[in-house]
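Enquirer: Here's a sequence, model it:
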Amino acid sequence: MAKRPVHPPAPRHPVDVGARPRGPLCEGDLVQLIDARSNKNTITLKQDGVFHSHRGQLAHNEMIGNHEGIIINSDRAVSYQVLRPALDDYVLSMPRGAAVVYPKDAARIVGLADIGEGSRVLEAGVGSGALTCSLLRSAGTSGSVVSIERREEFAEIAVENICRWFGGFPNSWNLHIADLPEWEPTVGQFDSVVLDMLAPWECIGVVEQALRPGGALVVYVATTTQLSRVVETIRVRNKWTEPRAEESLLRTWHLDGLSVRPDHKMNGHTGFLVTARLMNGPSLDRKRRPAPGAYGEDYHGPGGVHETQ
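Expert: Prediction:
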């Protein structure tokens, strides 16, 4: 038996990335159904539509026209809260091609890249579109986001997810199917650059051309090998502030009367964030004492003894 889709195709008409929907629920709205065990299902409302699960059926018409925050019952007497999803909830429930950037990292990226209303942002590596939603919303209607994705199948999934969240194709978004090292941006075109790719060190030269002096670069990588390579590449180019690396760990808590303790599970390591800012000329000659053996015979990265031979 074929699985019933919970979402119709997302609308593709141009829209502004303005305020989120308010007021009564309408056909085409995203809603999240939350049961007593906090299980969540995200669906798109459709006139005469029906949500099916092993816990019964819910008619969409019972939600359309009502305000969010109501409780409705399935035909098996299972109760659900009905709310419009927050972006955090939507990202974790969206269809995926590539793995999504978790909300804990997306929020940190927006802060590290100093993205706000009117910012001009370059993103390389769209994936499933999770981070792009945060970038678009932060840059606002007067800003812009240019996304570069080399894989067309990932780009199509991202377009569908982003258009579903915003209710159409954002006016402030431009998507290019291309390879960033071969792309030719205008000099100083962007205020911030975010890289989420396998080999970001290959793109630092293009980023230096695209970014304005003082602009921020944020690189998302998964492994320590990638982390070391991209940091050393930034250092040897002598055009950046000293790169900084971090990761964020998110732990929820159990709260039940006097039983107050950390939950048994958490969102641990998902990736490292590397941040640096572009100088308007050579960077400062930093005096730092490397750890013993940091750049010895076993080191084969940028600036090592093997590279100069």
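
Enquirer: Give me the buried positions along stretch 165-177.
Expert: The neighbour-count check on stretch 165-177 (16 or more other CB atoms under 10 Å) flags W165, F166, G167, G168, F169, P170, S172, W173, L175 as buried. Any C-beta I mention is one placed from the backbone N, CA and C, and that applies to glycine too.

Enquirer: Identify the residues contacting that stretch?
Expert: 11-17, 21, 28, 30, 87, 90, 94, 126, 132-133, 136, 139-141, 143-150, 152, 155, 158-159, 162-163, 183 (CB atoms under 8 Å, 6 or more residues apart in numbering).

Enquirer: List the residues that contact L227.
Expert: Residues counted as contacts of L227 (CB under 8 Å, 6+ apart) are V221, A245, F272, V274.

Enquirer: Inside strands: which ones of these?
Expert: Those of the contacts of L227 mapping onto strands are V221, A245, F272, V274, per DSSP state E.

Enquirer: For A107, state which of those residues is nearest.
Expert: A107 has its nearest neighbour among the ones in strands among the contacts of L227 in F272, at 15.6 Å by CB to CB.

Enquirer: about what we covered before: out of the buried residues of stretch 165-177, which sit inside helices?
Expert: Using DSSP state H to define helices, the subset of the buried residues of stretch 165-177 located there is W165, F166.

Enquirer: Could you work out the most separated pair of the buried residues of stretch 165-177?
Expert: Among those, the pair separated by the greatest distance (CB to CB) is G167 and L175, at 17.2 Å.

Enquirer: low-scoring stretches of the chain, by residue?
Expert: Within the chain, the stretches with pLDDT under 70 are 1-6, 288, 293, 296-298, 300, 303-309.

Enquirer: ok, Q226 touching E202?
Expert: No - Q226 lies out of contact with E202 (CB atoms under 8 Å); the separation is 11.5 Å.

Enquirer: ok, T241 - how many residues close by?
Expert: 17 (other CB atoms under 10 Å).

Enquirer: next one: the one 10 residues further on
Expert: Close neighbours of R251, defined as other CB under 10 Å, add up to 11.

Enquirer: Where does it sit: helix, strand or coil?
Expert: Following DSSP: H, G, I helix; E, B strand; the rest coil, we place R251 in the strand state.

Enquirer: measure it to S134 for me?
Expert: R251 sits at a distance of 21 Å from S134 (criterion: CB to CB, to the nearest Å).

Enquirer: Which strands or helices does the helix or strand hosting M266 pack on?
Expert: M266 belongs to strand 259-267 when elements are defined using DSSP states H and E. Identification of packing neighbours for strand 259-267 by 3 or more CB pairs under 8 Å, 6 or more residues apart in numbering; DSSP states H and E yields strand 250-256.

Enquirer: Which strands or helices does the strand it packs on pack on?
Expert: In terms of contacts (3+ CB pairs under 8 Å, 6+ apart), strand 250-256 is packed against strand 259-267.

Enquirer: what's next to the strand it packs on, contact-wise?
Expert: Residues outside strand 259-267 that contact it (CB under 8 Å, 6+ apart) are Y102, K104, L249, L250, R251, T252, W253, H254.
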